[in-house]
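>>> The following block contains a protein sequence and its predicted model.
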Amino acid sequence: MQFGGLEGRLRPVSAGELAILYSLLAERDPEFNSVAPAVVFVKVQPDSASLERLRRFGVAVHLVAPTALDRGAYLLGGAMHGSRVLADGPQFGAEVVALVERARLRQWAADVGAEPEFTAMHTPGSDSRGVVQFRLNGSEIVAKVGAAEAMRSEVRFASEVNALLAQAGRRGLFPQMRALRVEGEQAVSLMEAGEPLPIGPLFADAARTTLADSSPDRLQPHLDQLAAWYRLTAENRRPTVADYLYRERFHVLREQPAFVATFRALFDGLALADVLDAAVQLPGGLVVPGYVEAVAWLDKVAADLLPDYGSGVHGDIYAANMLLRADGSPVLIDPRTVWEGRDRPDVGYGDPAFDLATLLHGVFPMAAILHAVEIGATAELFGEQGGHIRRDRGRLVLSSLRLPIVFPAAVRALEARMLRTLPRDEPRRRSRTRLYVGAATSLAGWLKYERSLRTPQAWLATFGYVVWYLSQARNVWEERDRNGKQGS
């Protein structure tokens, strides 16, 4: 291999040096993964950008200073195992990154083709450490780096779904899987790349508060693929995860350390119970039951609300996970089959109404909230209140929220298409209620992510829609027709 300016500084690592390194790393970290690639910087402090880029490529980084080793970078695992680079110059960290990056791409390309060319670095999700895209013989490939068991599970799940759809004469719902490389406790899945579904055109305004009238048509190809999958996998048995997602999760989330820590970080000194227990005043004088009362209502109706059927589900449908192939056909990425570590016997089987609820909450209102976070404009989510917690007569006052608290027409149109996507006939009242409760569950999950919401305003806006969706669900569930019977 040719590595430019570093080639002359590459040296083999002796058996004695390897013994020192592995002994030191195992002592520092009993969970040290000796199989996955790693760079050990000895008596060198690389810049933070170099460290982050190596991590995105699935390469562990260790900083040590044993007197018995020379200054430089020692490469362990992977294609360049047992090599070291002598430290030299201010650009040393970036040079090591370039060396490792090239070797890493070539290693991945060995499973799918010849000479690779780096294309892009994508933002990793909660289930991955890095997502790297590269070009190979004119085709775009994505390498997703994550925990080995999670990567194995995802590849197996996506491949089985695609095979099932292929038997029915349809394109795969997930990208075509090319290979899976296991590196100890870490693994890399290689798959075809897709183009992100353009998010801006889905909305009628730059702030992404109102879905564009054309959006239901734009999203229809993905809904059609989901509908086919739901029909092929539908069974008349309740998913074991149903009670957790529609009821128990609301109890669990408020006790999670991440949820509590995020609230304390954003609202120092305030009691979480004062927020969760209070009724919530929204714009236009609307007052809805608070979190605690709404969850108590769910506890009462869950036995009748939970679905009697299920199907294969994606678990995390929103715009960022909806891609287009080069030919324009729809594809989904990053399926989510486990919530808060809750394993179960029927992983991948769930309620398709909840699947669609994740899309609903994403277009209304999460796209607007996350966009405000992205551009640093979360203060504009509220009016004079400024997004600070204010209580009045025992109520949590969010009346200056500037986002709509009625379903825009395009969201209503999308909802109607979602309900037609479901594979079983049931009273519309039940499926709509679960759609809204599922949207509330999905929104509530964001409340534990300080790094995603960042500000009190974003947290409060998200919380406001949690209780609003739950109130919408209750309204639908308690509707009566003219004969005094439960509506359908």
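Perfect, thanks for sending it.

>>> If you rank every helix and strand of the chain by mean pLDDT, what lands last?
Scoring the helices and strands of the chain by mean pLDDT, DSSP states H and E places strand 391-392 at the bottom, with a mean of 80.

>>> Which positions within stretch 261-274 qualify as buried?
Buried positions in stretch 261-274, judged by neighbour count with 16 or more other Cβ atoms under 10 Å: Thr262, Phe263, Leu266, Phe267. For glycine as for every other residue, the C-beta is placed from the backbone atoms N, C-alpha and C.

>>> Out of these, list just those in helices.
Residues of the buried residues of stretch 261-274 located in helices (DSSP state H): Thr262, Phe263, Leu266.

>>> Give me the neighbour count for the spatially closest residue to the last one that is not a sequence neighbour.
Right, Leu266. Ranked by Cβ to Cβ, 6 or more residues apart in numbering and with sequence neighbours excluded, the top spatial neighbour of Leu266 is Pro456, at 4.7 Å. Using other Cβ atoms under 10 Å, Pro456 has 21 neighbouring residues.

>>> Parallel or antiparallel, which strands does the strand ranked longest in the chain pair with?
Counting residues, the longest strand found in the chain (DSSP state E) is strand 139-147. According to DSSP bridges, strand 139-147 has the following sheet partners: strand 130-136 (antiparallel), strand 186-192 (antiparallel).

>>> Could you export those strands as JSON lines, including mean pLDDT?
Listed next are the strands paired with strand 139-147 as JSON lines, based on pLDDT from 0 to 100:
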{"stretch": "strand 130-136", "mean pLDDT": "94"}
{"stretch": "strand 186-192", "mean pLDDT": "94"}
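
>>> Kindly reformat those strands as JSON lines containing mean neighbour count and distance to Val275.
Formatted as JSON lines, the strands paired with strand 139-147 follow (neighbours: other Cβ atoms under 10 Å; distance: least, Cβ to Cβ, whole Å):
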{"stretch": "strand 130-136", "mean neighbour count": "20", "distance to Val275": "35"}
{"stretch": "strand 186-192", "mean neighbour count": "23", "distance to Val275": "39"}
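
>>> Could you dump those strands into a markdown table and include distance to Ala49?
Formatted as a markdown table, the strands paired with strand 139-147 follow (distance: least, Cβ to Cβ, whole Å):
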| stretch | distance to Ala49 |
| --- | --- |
| strand 130-136 | 14 |
| strand 186-192 | 22 |
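
>>> out of these, which comes closest to Pro423?
strand 186-192 (26.8 Å; Cβ to Cβ).

>>> after that closest one, next one along is what?
Later in the chain than strand 186-192, the nearest helix or strand by DSSP states H and E is strand 195-196.

>>> Look at the closest residue to Leu414 other than its chain neighbours and give its secondary structure.
Spatially, and ignoring its direct neighbours in sequence, Leu414 is nearest to Pro216 (4.7 Å; Cβ to Cβ, 6+ apart). Three-state assignment for Pro216 (DSSP: H, G, I helix; E, B strand; the rest coil): helix.

>>> tell me the phi and psi of the closest residue to Ala38 other than its chain neighbours?
Excluding its sequence neighbours, the residue lying closest to Ala38 (Cβ to Cβ, 6+ apart) is Ala60, at 4.0 Å. Main-chain dihedrals, Ala60, degrees, to the nearest 10: phi -70, psi 150.

>>> and the gap between Ala60 and Ala103?
Distance of Ala60 to Ala103, computed by Cβ to Cβ, to the nearest Å: 15 Å.

>>> and if you look at Arg135?
Using Cβ to Cβ, one obtains 17 Å as the distance from Arg135 to Ala103.

>>> swap in Asp308?
To Ala103, Asp308 is 54 Å away according to Cβ to Cβ.

>>> ok, now Gln220?
On the measure of Cβ to Cβ, Gln220 and Ala103 end up 44 Å apart.

>>> Neighbour count: these two, which is higher?
Comparing Gln220 with Ala103 by other Cβ under 10 Å, the one with more neighbours is Ala103, at 21 against 15.

>>> Now do stretch 239-255, average pLDDT.
If you average the pLDDT over stretch 239-255, you get 96.

>>> same deal with stretch 163-181?
92.

>>> Any idea how far that stretch is from the middle of the chain?
Remark: stretch 163-181 is offset 21 Å from the chain centroid, using Cα atoms, centre = their mean, to the nearest Å.

>>> list the contacts for the most centrally placed residue in the chain?
In the chain, the centroid-proximal residue (Cα atoms, centre = their mean) is Gly125; its distance is 4.8 Å. The neighbours of Gly125, taking Cβ atoms under 8 Å, 6 or more residues apart in numbering as the test, are Val131, Asp334.

>>> closest to Ala120 among the ones in helices among the buried residues of stretch 261-274?
Nearest member of these to Ala120, counting by Cβ to Cβ, is Thr262, at 30.3 Å.

>>> does the closest one really touch Pro456, like I thought?
No - using Cβ atoms under 8 Å, Thr262 is not in contact with Pro456, being 10.6 Å away.
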